[in-house]
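> just coords:
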């Protein structure tokens with residue numbers, strides 16, 4: 001138990017460092033939301049941004065092709081030559097991403113028309129080049145994670161987002177011209193991401209194109225189910241943003257066009273970033289941690305403890321954000337406030353997604369990644385069906401509920417299959433108690449109307465402190481390593 005406690009503290013420390021490189025940049029990046037939504041872009045213009053970046057999220061998955069996870073798997077095998085593995089993986093990524101980039105650039109004009117930004121082919125080209133750069137540095141970033149160079153990882157991510165925010169401010173507040181419009185957002189993204197090439201110049205120069213007639217196909221065979229899983233996962237995350245405008249009955253929200261409704265939905269969806277990126281930081285630290293711990297005694301008990309404290313931490317985030325929307329709403333323009341009701345639902349949905357990521361390690365450890373594809377495709381089908389029926393009834397609230405149904409179902413499917421093929425003694429009862437209890441507290445607190453903002457903030461701080469106190473009383477023995 002003491003060994004497990006020490007390893008948990010190590011994992012927590014690495015998560016904090018990766019948080020600096022993942023959460024902190026995205027929190028800083030969140031500053032772009034008020035820059036974009038307060039007296040800058042209209043609801044309809046923000047709807048265009050939402051659509052374009054939803055498409056980018058889908059295509060990015062194909063650019064990466066699941067090769068980051070393949071790199072972890074093959075580089076951690078006994079006797080593996082990590083530099084050779086890097087060369088082999090990077091070669092596959094470069095080939096796929098360059099081919100896709102060329103195709104998108106050639107077809108930029110018709111793609112712009114399909115995405116309803118006719119005459120803006122340059123925007124499509126900028127996005128293609130941005131995705132190319134992201135792909136080229138994906139494996140170098142994975143290498144930093146494997147080598148536990150979390151500080152360097154954090155430095156690169158933070159520097160990138162500071163440049164991004166700075167460029168957005170310069171483009172939108174200093175040299176802005178209406179003819180470019182939201183194109184400045186994409187141009188800033190491209191320029192900022194270009195600095196990653198400079199950061200990894202030594203690593204990229206060490207890369208030598210390589211192909212092994214046995215290992216390379218094995219890597220692709222291992223990775224492509226992960227890529228398909230990623231596409232299905234993006235369907236779960238982005239599908240509503242691509243269909244809300246067309247599936248929402250005209251005039252559903254009085255005084256707003258469907259394009260404007262999409263902008264409201266996209267702006268409020270940004271608040272889920274606080275949960276989603278906490279999950280991302282955890283994944284950066286946990287994935288190599290789980291692989292490296294797999295051969296140890298009582299590793300499954302360790303996985304159970306990790307999941308238990310992950311749920312507790314997620315519930316704290318869930319509570320703190322959901323009951324403080326009366327303050328957090330000022331980060332977006334007031335014309336977007338009408339959609340804030342989706343935020344608690346999305347936070348809970350993403351917490352379930354985090355639990356899914358946590359317990360999904362079983363099919364990666366036994367080299368049956370196709371189970372991940374099956375589960376996520378099932379989730380995608382649930383997403384499509386749920387959105388189809390719920391959007392016409394409840395608007396963007398229906399989309400948020402669809403996300404919760406999807407991620408909750410995926411977690412249940414993954415747990416049930418995992419207990420059959422790689423049983424782990426997860427603490428189901430205590431986990432459900434925390435999730436349900438936190439949801440009830442949020443519902444009760446948000447039903448109390450307090451007109452004075454400073455009184456509301458003080459009251460919410462007391463609630464959070466009491467919640468943390470209850471958690472400490474329940475978990476203190478284990479947290480102190482005495483259980």
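Nice, thanks for sending it over. If you're wondering where the values come from, they're calculated on a predicted model, not measured in any experiment. Numbers count the residues shown, from 1 in each chain.

> Now the residue nearest the centre of the chain: closest residue in space that isn't a chain neighbour?
The residue lying closest to the centre of the chain (CA atoms, centre = their mean) is residue 276, at 4.8 Å. With CB to CB, 6 or more residues apart in numbering as the criterion, residue 276 has its nearest non-adjacent residue at 5.0 Å, and that residue is residue 350. All C-beta atoms are positioned from the backbone trio N, CA, C, and that covers glycine.

> Need phi/psi at that neighbour.
phi -70, psi -30 (degrees, to the nearest 10).

> Count the residues that sit near the residue lying closest to residue 222 once chain neighbours are set aside.
Nearest non-adjacent residue to residue 222, counting by CB to CB, 6+ apart: residue 70, 5.1 Å away. Neighbours of residue 70 under the rule other CB atoms under 10 Å: 27.

> pretty sure residue 70 contacts residue 89?
Yes: between residue 70 and residue 89 a contact is recorded at 6.1 Å, counting by CB atoms under 8 Å.

> can you list residues touching both of the two?
Shared contacts of residue 70 and residue 89, defined by CB atoms under 8 Å, 6 or more residues apart in numbering, comprise residue 219.

> how near is residue 320 to residue 469?
To residue 469, residue 320 is 14 Å away according to CB to CB, to the nearest Å.

> Compare the two and say which is more crowded by neighbours.
Taking neighbours as other CB under 10 Å, residue 320 and residue 469 compare with residue 320 leading, 19 against 10.

> confidence score at the more buried one?
As predicted, residue 320 sits at a pLDDT of 93.

> How about it, nearest residue that isn't a chain neighbour?
Closest to residue 320 by CB to CB, 6+ apart is residue 464, at 5.5 Å.

> thinking the one you found is in contact with residue 322, fair?
No: contact criterion CB under 8 Å: residue 464 and residue 322 do not qualify, at 10.7 Å.

> So for these two, which sits in the more crowded spot?
The neighbour comparison of residue 464 against residue 322 (other CB under 10 Å) goes to residue 322, with 25 against 17.

> picking up where we left off before, which residues touch the residue nearest to residue 222?
89, 219, 220, 222, 223, 226.

> which one of the residues you listed is nearest residue 37?
residue 226 (34.5 Å; CB to CB).

> Determine how far the helix or strand where the closest one lies lies from the middle of the whole chain.
Here residue 226 sits within helix 215-247, counting by DSSP states H and E. Centre-to-centre, helix 215-247 and its host chain are 13 Å apart (CA atoms, centre = their mean, to the nearest Å).

> wait, what's in contact with residue 137?
196, 197, 199, 200.

> and the one helix or strand it maps to, how far out from the chain's middle?
Per DSSP H and E, residue 137 falls inside helix 121-146. Centre-to-centre, helix 121-146 and its host chain are 16 Å apart (CA atoms, centre = their mean).

> What of stretch 110-120?
Worked out by CA atoms, centre = their mean, stretch 110-120 lies 27 Å from the chain centre.

> One more: stretch 373-380?
17 Å.

> what does that stretch rub up against?
225-226, 228-229, 232-233, 235-236, 239, 356, 360, 406-407, 409-410, 413-414, 417.

> which sections of the stretch 1-150 of the chain are below the confidence cut-off?
Where the stretch 1-150 of the chain drops to pLDDT under 70, the residues are 1-29.

> For it, just list every one of the helices.
2-30, 32-37, 43-64, 67-75, 82-106, 108-114, 121-146, 150-169 (DSSP state H, counting those that start in this stretch).

> how big is the angle separating the third one from helix 215-247?
Read it as helix 43-64. When axes from the mean of the first three to the mean of the last three CA atoms, to 10 degrees is applied, the directions of helix 43-64 and helix 215-247 differ by 160 degrees.

> Show me what helix 43-64 is packed up against.
helix 32-37, helix 82-106, helix 121-146, helix 215-247, helix 258-269 (3 or more CB pairs under 8 Å, 6 or more residues apart in numbering; DSSP states H and E).

> try 6 Å
When contacts are defined as 3 or more CB pairs under 6 Å, 6 or more residues apart in numbering; DSSP states H and E, helix 43-64 sits against helix 121-146, helix 215-247, helix 258-269.

> Please identify the buried residues of that helix?
Buried residues in helix 43-64, defined by neighbour count with 16 or more other CB atoms under 10 Å: 43, 45-64.

> got any ranges where the stretch 301-450 of the chain has weak pLDDT?
For the stretch 301-450 of the chain (pLDDT under 70), the answer is none.

> Now do the helices in it.
For the stretch 301-450 of the chain, helices defined by DSSP H, counting those that start in this stretch occupy the ranges 325-328, 342-359, 361-365, 370-394, 396-421, 428-446.
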